[in-house]
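1. What shape does this take:
(one chain, ligands or ions: 1)
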Amino acid sequence: MGSISDNVKYILDSVAEAAVKAGRKPEDIAVVAASKMNSAERVREAIAAGIKICGENRVQEMEEKLKEGAYSGAELHFIGHLQRNKVKNVTGKCALIQSVDSGELMGLISKRASGLGIVQDVLIEVNVGDEDSKSGVQVFRAEELAAKAADFPGLRVKGLMCIPPFDADAKKTQNYFQTMYNLFIDIKAKKYDNVSMNILSMGMSGDFRQAIAEGADMVRVGTGIFGMRQYHK
Ligand SMILES: *Cc1c(COP(=O)(O)O)cnc(C)c1O
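-> Here you go, the predicted model:
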């Protein structure tokens with residue numbers, strides 16, 4: 001791996017290339033730098049190199065880095081599993097909460113946002129591989145959850161997010177991405193209140209090209225930008 005700045009350039013170029021190949025415009029694909037376990041300094045380096053959105057997984061880590069000014073100049077998204085008791089820590093702090101998977105969570109976010117006098121943008125996370133170990137609403141329940149957004153004026157559902165099974169081969173991964181795209185299009189066509197469906201967040205370091213080919217307009221890249229995460233730290 002090169003420097004963070006070289007990696008960012010490489011990823012942005014690769015995303016642009018994949019976009020063009022899919023008949024889309026490079027600027028229509030948003031790149032989220034998944035910055036978990038990387039210091040504020042490293043995050044700032046990525047932003048200086050052209051990253052416009054950062055995604056964090058853990059609330060405490062995000063709060064520490066926020067204090068250090070890690071994200072200045074970029075938009076902040078929450079992409080990890082969100083516990084009910086942490087809703088107050090992310091609502092209004094993040095431009096987009098990508099990991100909403102229950103009506104209960106929607107209600108809590110909406111209530112908090114209304115208290116702050118804002119409308120919180122969220123994505124519905126779909127457990128596309130139906131894995132016990134993963135968060136996310138089941139595929140066949142996603143539409144029902146989207147329809148529920150009408151009850152919660154403090155939030156707005158902007159689209160869908162998924163993390164397919166890590167061990168899937170290319171063909172299976174493609175199927176998961178196609179399932180997500182079809183779901184995205186179906187829900188969009190229903191025109192539910194509070195649901196706009198213009199962001200399909202899928203694809204990570206290993207499969208973002210494929211995700212873009214299947215209709216992703218937001219990819220989340222960690223390792224490809226920051227290198228391997230040091231889990232022992
Ligand atoms: C870590 C993470 C990513 C990025 O994963 P890489 O394989 O390192 O690119 C994307 N999305 C979520 C939700 C993550 O937690």
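
2. what about the helices in the protein?
-> With DSSP state H, the ranges of helices along the chain come out as 4-21, 40-48, 59-67, 87-90, 103-116, 142-148, 170-190, 208-213, 223-226.

3. for stretch 54-65, which positions count as buried?
-> Taking 16 or more other Cβ atoms under 10 Å as the neighbour-count basis, stretch 54-65 is seen to contain the buried residues Cys54, Gly55, Glu56, Asn57, Val59, Glu61, Met62, Lys65. C-beta: built from backbone N, CA, C; applies to glycine.

4. Any idea how far that stretch is from the middle of the chain?
-> 14 Å (Cα atoms, centre = their mean, to the nearest Å).

5. still on that earlier bit, the buried residues of stretch 54-65 also near the ligand: which ones?
-> Asn57 (Cβ under 6 Å from any ligand atom).

6. Low-confidence regions, this structure specifically.
-> In the predicted model, the chain carries pLDDT under 70 at residues 1, 231-233.

7. thinking again about what came up before, what two of the buried residues of stretch 54-65 are the furthest from one another?
-> Greatest spatial distance in the buried residues of stretch 54-65: Cys54 and Val59, 14.2 Å, computed using Cβ to Cβ.

8. ok so, going back, out of the buried residues of stretch 54-65, the closest to Lys171 would be?
-> Gly55 (27.2 Å).

9. hang on, the closest one packs against Val32?
-> Yes: with contact defined as Cβ atoms under 8 Å, Gly55 and Val32 form a contacting pair (4.3 Å).

10. Mutual contacts of those two, please.
-> Any residue near both Gly55 and Val32 by Cβ atoms under 8 Å, 6 or more residues apart in numbering counts here, and that gives His77, Ile79, Arg220.

11. who's in contact with the last one?
-> Counting by Cβ under 8 Å, 6+ apart, Arg220 touches Val32, Ala34, Gly55, Ile79, Ser201, Gly203, Met204.

12. So it versus the ligand, what's the distance?
-> 4 Å (Cβ to the nearest ligand atom, to the nearest Å).

13. Make TSV from the contacts of Arg220 and add distance to Val100 to it.
-> Putting the contacts of Arg220 into TSV (distance: Cβ to Cβ, whole Å) gives the following:
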residue	distance to Val100
Val32	16
Ala34	18
Gly55	14
Ile79	11
Ser201	12
Gly203	19
Met204	19
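
14. quick one: which of the residues you listed sit in strands?
-> Among the contacts of Arg220, the ones falling in strands (DSSP state E) are Val32, Ala34, Gly55, Ser201.

15. Give me the buried entries from those.
-> For the ones in strands among the contacts of Arg220, burial is judged from neighbour counts taken by 16+ other Cβ under 10 Å, and it is met by Val32, Ala34, Gly55, Ser201.

16. Go through the buried residues of stretch 54-65 and say which is closest to Leu183.
-> Closest to Leu183 out of those is Gly55 (21.3 Å), distances taken as Cβ to Cβ.

17. Report the separation between the closest residue to Val119 other than its chain neighbours and the ligand.
-> The shortest distance from Val119 to any residue that is not its chain neighbour, by Cβ to Cβ, 6 or more residues apart in numbering, is 5.5 Å, and that residue is Arg156. According to Cβ to the nearest ligand atom, Arg156 and the ligand sit 20 Å apart.
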